[in-house]
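J.: Provided below are the primary sequence and the corresponding predicted coordinates.
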Amino acid sequence: MSLFITFEGIEGSGKSTQILLLAEKLKALNHAVIVTREPGGCPLADQIRHLLLQPDQGPMAPAAELFLYLAARAQHMQEIILPALEKNFIVLCDRFSDATTAYQGFARGIDPTFIGSLNHFATSGHRPDLTLLFELPAEEGLRRSRRRSHHAGTEIDRLERESLDFHRRVREGYLRLAAGEPDRFRTFDATLTVEEISAAVAAAVIPLLS
Ligand code: TMP
């Protein structure tokens, strides 16, 4: 049985850790799982990711940013996600169309309804079966992601450099999306321990597979 699950949240919400933990648990139960991410997930989209995230290229026009995320998504959908779902894989995707609505819509200021139409076009109308939202205050998320970059010796990317207010609007956008589609979204308290969150995620997902 195929299942398309997306992981969403602000920077530092721990979703990338949780996606790997869920993948391990599902594989241990003998499910065929693919872990992927946006922007990226295939060679063309990885190149677009590089364009989007490198910090020192001067200001990017909001429309250019929006269309680059959508271009990456269209390619990723056609090349990776749809073929995997057709082969009955469980696809776990680190960010997807809700990220565009939260970041380019609610935070950047482009009409979320317009973004909805563009997302529909980029995905040929395919939507996640389930979306897991990892929720924490923007201050804490940014602190965590900056600490992580510092420890890894990596540069803070272009989006992480946005203001605290920008990241607060992203968070608010996600909460509004989750409130608008309670059947698709499950929200997790990302201030709990990694183990507690992982157990809650498994409890939300595994019953859907039986
Ligand atoms: P990541 O840090 O989760 O890999 O995501 C890369 C950045 O891109 C992150 O700051 C969120 C942002 N983003 C958008 O602004 N719009 C989108 O559609 C997606 C998928 C990500």
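T.: Perfect, I can see it now. Numbering: from 1, shown residues only.

J.: Isn't Gly105 up against Gly173?
T.: Yes - counting by Cβ atoms under 8 Å, Gly105 touches Gly173, with 6.3 Å between them. Where C-beta positions appear, they are placed from N, C-alpha and C, glycine not excepted.

J.: Mutual contacts of these two, please.
T.: Shared contacts of Gly105 and Gly173 (Cβ atoms under 8 Å, 6 or more residues apart in numbering): Pro112.

J.: hmm, who's touching the longest helix belonging to the chain?
T.: Longest helix of the chain, by residue count under DSSP state H: helix 164-180. Applying Cβ under 8 Å, 6+ apart, the external contacts of helix 164-180 come out as 8-11, 98, 101-103, 105-108, 112, 131, 133, 135, 137-139, 141-142, 185, 187.

J.: Selection in PyMOL covering whichever of the residues you listed are buried, please.
T.: Buried residues among the contacts of helix 164-180 (16 or more other Cβ atoms under 10 Å), as a PyMOL selection:
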select buried, resi 8+9+10+11+98+101+102+103+105+106+107+108+112+131+133+135+138+141+142+185+187
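
J.: Restricted to helices, list the contacts of helix 164-180.
T.: Secondary structure defined by DSSP H assigns Asp98, Pro112, Ala138, Glu139, Gly141, Leu142 of these to helices.

J.: Of all pairs in those residues, which one spans the longest distance?
T.: Within those, Pro112 and Glu139 form the most distant pair, 24.1 Å apart (Cβ to Cβ).

J.: what's around Gly109, how many residues?
T.: 10 (other Cβ atoms under 10 Å).

J.: Give me the contact status of stretch 113-123 with the ligand.
T.: No - using Cβ under 6 Å from any ligand atom, stretch 113-123 stays clear of the ligand, with a minimum separation of 8.7 Å.

J.: repeat for stretch 166-183
T.: No - counting by Cβ under 6 Å from any ligand atom, the ligand has no neighbours in stretch 166-183; the shortest distance is 7.9 Å.

J.: got it, and stretch 18-26?
T.: No - Stretch 18-26 does not reach the ligand (Cβ under 6 Å from any ligand atom); its nearest approach is 10.3 Å.

J.: how far away is Ala28 from the ligand?
T.: Distance, Ala28 to the ligand, using Cβ to the nearest ligand atom, to the nearest Å: 25 Å.

J.: Could you number the chain from 147 rather than 1 from now on?
T.: With 147 as the first residue, the last one maps to Ala174.

J.: before we move on, the earlier item: can you point out the buried residues in the longest helix of the chain?
T.: For helix 310-326, by 16+ other Cβ under 10 Å, it's Phe312, His313, Arg314, Arg315, Val316, Arg317, Gly319, Tyr320, Leu321, Leu323, Ala324.

J.: Can you report the mean pLDDT over the residues of that helix?
T.: Averaged across helix 310-326, pLDDT comes to 98.
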